[in-house]
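*Asks:* How does the following fold in three dimensions:
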Amino acid sequence: MRNVIIIGSGPAGMTAAIYTARANLKPLVISGLERGGQVTLTNDLENYPGFPDGLGGFEMYQLLEKQAQKFGAEIIYDTVTRVDLSGEVKKVFAAGQEFDALSVIIATGSTPKRLGVLGEQEMIGRGVSYCATCDGFFFTGKPVAVIGGGNSALDEGLFLTRFASKVTIIHRRDRLRADAILQQRAMDNEKIEFIWDTVVEEIAGKQGVEKLILKNAKTGEKSELAVDGVFVFIGHRPNVELFETQVALADDRTIQTDRRTRTNLPGVFACGDVQDSIYRQAITAAGSGCQSAIEAEKYITHLQGKAYPGK
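*Replies:* Residues are numbered from 1 along each chain as shown. Okay, the predicted model is just below:
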């Protein structure tokens, strides 16, 4: 019997691991196949306090993992296939085993959304990508397109200028949603051009991506853009499939929690992007991971017959 199982290994999950491990709860972290979550897709994390020169997303994960293990957290590098959170004893199935725990912290994050257009599925791995830091090198000296207008789109677009001959950012509106500093950097970069008020209707090519069929959202006019790669950054969907029949979801399909990260099920907590569709920052994810860890400790104390602090 475990005290706490943490599902997910992004900033939220690993912060929860650090705090529960320091509380001597001996947490088990089941990382998922994408260790570190979405933060590992960020090339330069410049806004996390304490790192004035920035750091890479995967580097951040490695530091968090090392810190959690230092305090005694156990990590399994596998994916959870099923959960039963209904009883006092929570059951989590992964790596061909059943793990039982008094509490569970859900930190499964989110997954990039797809465009859902003709040719996208067929071209994944043949020019369509959702991770510039993963695939940018393959487009050295080639023109690419970035779809989106938020922080991720501009951050990854700027990263792609290290390799691509030209980066065209296509946005469905006439203004960007990204932070002002990123907007300025993108506008000032001679390799970046913008196409406004435009959506992608089709990704075309034979052996790989060759062109995009575009449509102006205001005029309806269609055009073509020759590119060798397409990087899609149009948002994310919460990874709730394992839990949606057991925990309450909000209208946006994030896990519904109170202000103390408690779900509708006793002993089950949620933190990070899986319960936050507003801020979605590494630091807010880490903060909510801290909250979940503290609340899990309180809950376990309560189960041991002691007063529930702060109830």
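*Asks:* What residues of stretch 224-236 count as buried?
*Replies:* L225, V227, D228, G229, V230, F231, V232, F233, I234, H236 (16 or more other C-beta atoms under 10 Å). Quick note: C-beta positions are derived from backbone N, CA and C, even for glycine.
*Asks:* Leaving out the residues flanking it, which one is nearest to P143?
*Replies:* Leaving aside its chain neighbours, P143 sits nearest to K166 (4.4 Å; criterion: C-beta to C-beta, 6 or more residues apart in numbering).
*Asks:* okay, the one you found: pLDDT?
*Replies:* pLDDT for K166: 98.
*Asks:* low-scoring stretches of the stretch 201-311 of the chain, by residue?
*Replies:* Across the stretch 201-311 of the chain, residues meeting the criterion (pLDDT under 70) sit at 306-311.
*Asks:* where do the helices sit along it?
*Replies:* Assigned by DSSP state H, counting those that start in this stretch, the helices in the stretch 201-311 of the chain fall at 282-303.
*Asks:* That one: strands as residue ranges?
*Replies:* With strands called from DSSP state E, counting those that start in this stretch, the stretch 201-311 of the chain shows them at 211-216, 222-226, 229-232, 236-238, 268-270.
*Asks:* could you check the angle strand 211-216 makes with the second one?
*Replies:* Yep, that's strand 222-226 we're talking about. Counting by axes from the mean of the first three to the mean of the last three C-alpha atoms, to 10 degrees, strand 222-226 lies at 150 degrees to strand 211-216.
*Asks:* Strand 222-226 pairs with which strands, and in what direction?
*Replies:* Using DSSP bridges, strand 222-226 pairs in its sheet with strand 211-216 (antiparallel).
*Asks:* before we move on, back to that, make sure the residue nearest to P143 is actually in contact with V144.
*Replies:* Yes: K166 is in contact with V144 according to C-beta atoms under 8 Å; the separation is 7.5 Å.
*Asks:* Settle it for me: which of the two has more neighbours?
*Replies:* When neighbours are counted by other C-beta atoms under 10 Å, K166 and V144 differ, and V144 comes out ahead with 26 against 16.
*Asks:* just checking, the more buried one touches D228?
*Replies:* Yes: between V144 and D228 there is a contact at 6.4 Å, judged by C-beta under 8 Å.
*Asks:* And the residue nearest the centre of the chain?
*Replies:* For the chain, Q38 is the residue whose C-alpha lies nearest the centre (C-alpha atoms, centre = their mean; 3.2 Å).
*Asks:* if I look at it, how far off is A178?
*Replies:* Here the criterion is C-beta to C-beta, to the nearest Å. By it, Q38 lies 16 Å from A178.
*Asks:* repeat for V167
*Replies:* Taken as C-beta to C-beta, the span from V167 to A178 is 14 Å.
*Asks:* Settle it for me: which of those two has more neighbours?
*Replies:* For V167 versus A178, neighbours defined as other C-beta under 10 Å are more numerous around V167 (28 against 22).
*Asks:* Surely S152 is within a strand?
*Replies:* No: going by DSSP: H, G, I helix; E, B strand; the rest coil, the assignment for S152 is helix, not a strand.
*Asks:* burial measure for it, as a count.
*Replies:* When counting by other C-beta under 10 Å, one arrives at 25 neighbours for S152.
*Asks:* In contact with it, which residues?
*Replies:* Contacts for S152 were tallied using C-beta atoms under 8 Å, 6 or more residues apart in numbering; they are L41, T42, F233.
*Asks:* cutoff 7 Å now
*Replies:* F233 (C-beta atoms under 7 Å, 6 or more residues apart in numbering).
*Asks:* Beyond the lengthiest strand in the chain, next helix or strand please.
*Replies:* Longest strand in the chain, counting residues (DSSP state E): strand 97-106. Sequence order places strand 110-112 as the next helix or strand after strand 97-106, per DSSP states H and E.
*Asks:* what separates G208 from I30, distance-wise?
*Replies:* 36 Å.
*Asks:* and what of V167?
*Replies:* V167 sits 37 Å away from I30, going by C-beta to C-beta.
*Asks:* Kindly report the same for E74.
*Replies:* Applying C-beta to C-beta to E74 and I30 gives a distance of 10 Å.
*Asks:* how about the nearest residue to R162, chain neighbours excluded?
*Replies:* The shortest distance from R162 to any non-neighbouring residue, by C-beta to C-beta, 6+ apart, is to G136 (6.9 Å).
*Asks:* wait, I meant H171
*Replies:* G149 (3.8 Å).
*Asks:* mind checking the SS state of that neighbour?
*Replies:* G149 - assigned by three-state DSSP - is coil.
*Asks:* wait, it sits on D179?
*Replies:* No: the pair G149 and D179 does not pass the contact test of C-beta atoms under 7 Å, sitting 11.6 Å apart.
*Asks:* Settle it for me: which of these two has more neighbours?
*Replies:* Neighbour tally, G149 and D179, criterion other C-beta under 10 Å: the higher count belongs to G149, 23 against 14.
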